[in-house]
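Participant: Predicted model follows, preceded by the sequence.
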Amino acid sequence: MSTYVLVAEDDRKQAELIRRYLAHDGVTALREATHRPPDLLVLDWMLPGLDGLEICRRLREAGELPILMLTARSTENDLLRGLDLGADDYMTKPFRPRELVARIRTLLRRSHHTVRPASVAAVSPAAPAASGNRGGLTVGRLTVNAAQHQVFVHDRPVNCTPGEFRILSTMAASPDRVFTRSQLLGCLTDHGRTVSERTVDVHILNLRKKIETSPRNPQHLLTVHGIGYKLTSGNNGA
């Protein structure tokens, strides 16, 4: 069975290297993706007519089309903006066409082999359960209420994106347990969404900014080098 990939790229030479189907401007890209939904969209950030971020936002509101952002922008804030609007992966220019093809294949595989968040909880030995509070789970100064989609640090509410919340609620249910990036990826691939393991790192980085006193010296959301991450109550009560 053939795969239909829509490429929206304003540089025609680069587009010819990676094209399966081709759109050179944002309006065309949105029209084609809407009327003939592809299996995956490779979307350039800076498109004439309608930029990639707006296209990403509109398509994500309409469905779960896998989207890989392709852009010359490479700052952390740019990456977070794209992911928060619903992009599933992100590549910066210049890029190697073979790597792009590999990323596309990975996203397509994951879009057809979805892992549910519930399966993440079953992959490791049981860890100490988190205590209840506010009708949710409490780990140190952090409280996560999955039913109401709320997060608090002490009494301060924290706004999380859906992806951030899925990761945090999964880890809060099993404090001190080490999750690999692949396991946390299962929190982000529900409902047909597809992401790369690098996206997990970006969400962890963003969560640290929201829940840690010192994001550069985290006390709760810790890296376990060579394996992944774990959520703890902290050692200094920060």
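Facilitator: Good, I have the coordinates.

Participant: Tell me the neighbouring strands of the helix or strand where residue 152 lies, and mark each as parallel or antiparallel.
Facilitator: Secondary-structure element containing residue 152, defined by DSSP states H and E: strand 150-153. According to DSSP bridges, strand 150-153 has the following sheet partners: strand 142-145 (antiparallel), strand 156-158 (antiparallel).

Participant: List of residues touching stretch 205-221?
Facilitator: Surrounding stretch 205-221, the residues in contact under the criterion C-beta atoms under 8 Å, 6 or more residues apart in numbering are 76, 80, 139-142, 151, 153, 158-161, 164, 167-168, 171, 204, 229, 231-236, 238. C-betas here are computed from N, CA, C, even on glycine.

Participant: Just the buried residues from those residues, in ChimeraX please.
Facilitator: Here is the ChimeraX command that selects the buried residues among these (16 or more other C-beta atoms under 10 Å):
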select :80,139,140,141,142,151,153,158,160,161,164,167,168,171,204,229,231,232,233,234
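
Participant: Roughly how far does the closest residue in space to residue 161 that isn't next to it in sequence sit from residue 226?
Facilitator: The shortest distance from residue 161 to any residue other than its chain neighbours is 5.4 Å, reached at residue 84 (C-beta to C-beta, 6 or more residues apart in numbering). As judged by C-beta to C-beta, to the nearest Å, residue 84 and residue 226 stand 28 Å apart.

Participant: what do you get for residue 197?
Facilitator: Distance, residue 197 to residue 226, using C-beta to C-beta: 14 Å.
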